[in-house]
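A structural model of the following input is requested.
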Amino acid sequence: MNLSSTPRYEAFRQEIRAFLRTHGHRSATAPTAQRPPAAALAWQRLLLEHGYAGRTVPREYGGYGAAPDVMEAYLITEEFTRAGAAPPLGNQGISMLVPTLLELGTEAQRREWIAPTLRGEVLWCQGYSEPGAGSDLAALQTRATEDGEDFLVNGQKIWTSTAHVADMIFCLVRTEPGAAKHAGISYLLFSMQTPGIAVRPLQTMTGHAEFNEVFFTDVRVPRQQIVGRRGEGWKVANATLKHERGSLGNAAVTTQRYQELVELMQAETVDGTRLIDLPVLRDRLMRLQGQVLAQKCHGLRLLTAAAAGEDLGLAALVVKLQGCELRHQLAGLAIDALGELGLLMHGSPHLRAQAIWQERYMFDLGLIIGGGTAQIQKNIIAERGLDMPREPRLAA
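The predicted structure is shown next:
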């Protein structure tokens with residue numbers, strides 16, 4: 001791992017800091033599972049203009065057009081986190097579909113969808129999981145049959161984030177039912193306003209409906225709205241998942257939350273003693289600090305490998321596994337440290353930080369499952385990365 005810098009990168013860091021001194025603020029952050037407010041959209045346009053969002057996306061598709069440079073990307077994330085500035089929009093369309101289209105989409109698809117998606121004007125949801133196909137995604141049964149120049153889509157998806165506010169969906173369907181399990185799957189793009197789509201919100205323990213059930217009944221989708229080749233959607237789906245798992249465990253987010261926890265424990269007191277000065281709580285905080293630093297160092301190792309053009313392989317899976325579990329532990333310590341105040345939710349005058357830690361504790365537990373469960377991630381890392389014996393299969 002090479003942590004040395006160069007004059008060019010130091011100059012770029014100073015450029016970012018100057019921009020944030022002039023423009024940076026927290027208030028533009030988009031709320032979870034909702035359409036971005038006007039302030040967030042304006043902030044995103046400003047970031048696109050200066051190259052702090054969509055930096056390596058070609059200009060003809062609405063990006064900044066800079067050459068890929070993993071160190072520049074790292075510095076942007078690091079400086080935005082350090083300043084407490086609202087990051088660029090990072091919804092499913094921007095963080096997952098845009099890189100998928102750049103890699104595997106047609107020219108027409110890139111020109112139609114990337115620019116408005118980057119600007120936050122078009123919101124996407126991801127039609128992957130089904131009641132019988134979660135961790136075993138290839139078991140999906142939603143089908144698409146030919147009808148003239150269209151597909152007719154029938155079936156159901158579940159745990160579909162933001163489907164209740166999304167404009168579009170990127171959806172896995174089975175187009176060749178007689179093919180092998182991982183074959184015969186196709187990756188379609190279509191509007192959530194298409195007749196035959198019904199969305200049913202699912203309220204979680206947070207009290208909100210971040211996820212949804214989505215039902216398709218004879219939904220008509222033009223056949224050209226397929227990404228990649230027909231029947232090769234498993235390849236496209238995995239390209240998308242690669243970007244999803246990286247975003248779910250972002251080390252910069254974890255580092256920022258750790259700093260927020262430190263500030264909380266410095267500000268709150270019990271009988272006149274700061275929480276951070278209580279040995280039991282301070283010991284737990286220090287243990288978590290070690291994990292946060294380990295995650296940051298792992299991210300730097302991946303950064304070095306990416307800069308050298310190396311395949312990140314299974315090391316990238318550790319990011320999602322560690323990041324989601326660590327965020328849940330940070331929220332757990334915040335709730336424990338607050339004592340009886342940690343049990344409060346909305347409506348109490350004694351809430352701290354608008355109950356954000358309580359929200360995170362419950363929501364982050366779901367992320368340990370979503371995007372690839374921790375148990376499945378551990379199996380993949382153990383079997384493919386550490387060459388451990390495969391888990392026994394059930395007898396037929």
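
where in this structure is pLDDT low?
Applying pLDDT under 70 to the chain flags residues 1-4, 25-33, 243-249, 394-396.

mind checking the longest strand of it?
Criterion DSSP state E: the longest strand present in the chain is strand 211-222.

partner strands of that strand, parallel or antiparallel?
Strand 211-222 has its sheet partners listed here by DSSP bridges as strand 150-157 (antiparallel), strand 197-202 (antiparallel).

other residues contacting it?
When contacts are defined by Cβ atoms under 8 Å, 6 or more residues apart in numbering, strand 211-222 is touched by residues 125, 127, 142, 144, 147, 149-164, 169, 188, 190, 194-202, 204. To be clear about C-beta, it is placed using only N, CA and C from the backbone, and glycine gets the same treatment.

for the stretch 151-300 of the chain, which segments count as strands?
With DSSP state E, counting those that start in this stretch, the ranges of strands along the stretch 151-300 of the chain come out as 168-174, 185-191, 197-202, 211-222, 226-227, 269-270, 273-274.

would you mind finding the most buried of these?
By mean neighbour count, with neighbours taken as mean count of other Cβ atoms under 10 Å, strand 168-174 ranks first of these at a mean of 25.

quick check: angle from that strand to strand 185-191?
150 degrees (axes from the mean of the first three to the mean of the last three Cα atoms, to 10 degrees).

can you tell me which helix in this protein is longest?
Longest helix of the chain, by residue count under DSSP state H: helix 279-307.

chain center to that helix, what's the gap?
20 Å (Cα atoms, centre = their mean, to the nearest Å).

try stretch 343-358
25 Å.

list the buried residues for it?
344, 352, 355, 357, 358 (16 or more other Cβ atoms under 10 Å).

turn the strands paired with strand 211-222 into JSON lines, columns for distance to residue 380.
Shown next, in JSON lines, are the strands paired with strand 211-222 (distance: least, Cβ to Cβ, whole Å):
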{"stretch": "strand 150-157", "distance to residue 380": "23"}
{"stretch": "strand 197-202", "distance to residue 380": "27"}
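
tell me how many other residues crowd residue 266.
Per other Cβ atoms under 10 Å, the neighbour tally for residue 266 reads 12.

now stretch 50-66: buried residues?
Applying 16+ other Cβ under 10 Å to stretch 50-66 flags 51, 52, 53, 54, 55, 56, 57, 61, 62, 63, 64 as buried.

nearest to residue 387 among those residues?
Within those, proximity to residue 387 (Cβ to Cβ) peaks at residue 56, which comes in at 34.7 Å.

in three-state terms, label the closest one for me.
Following DSSP: H, G, I helix; E, B strand; the rest coil, the label given to residue 56 is coil.
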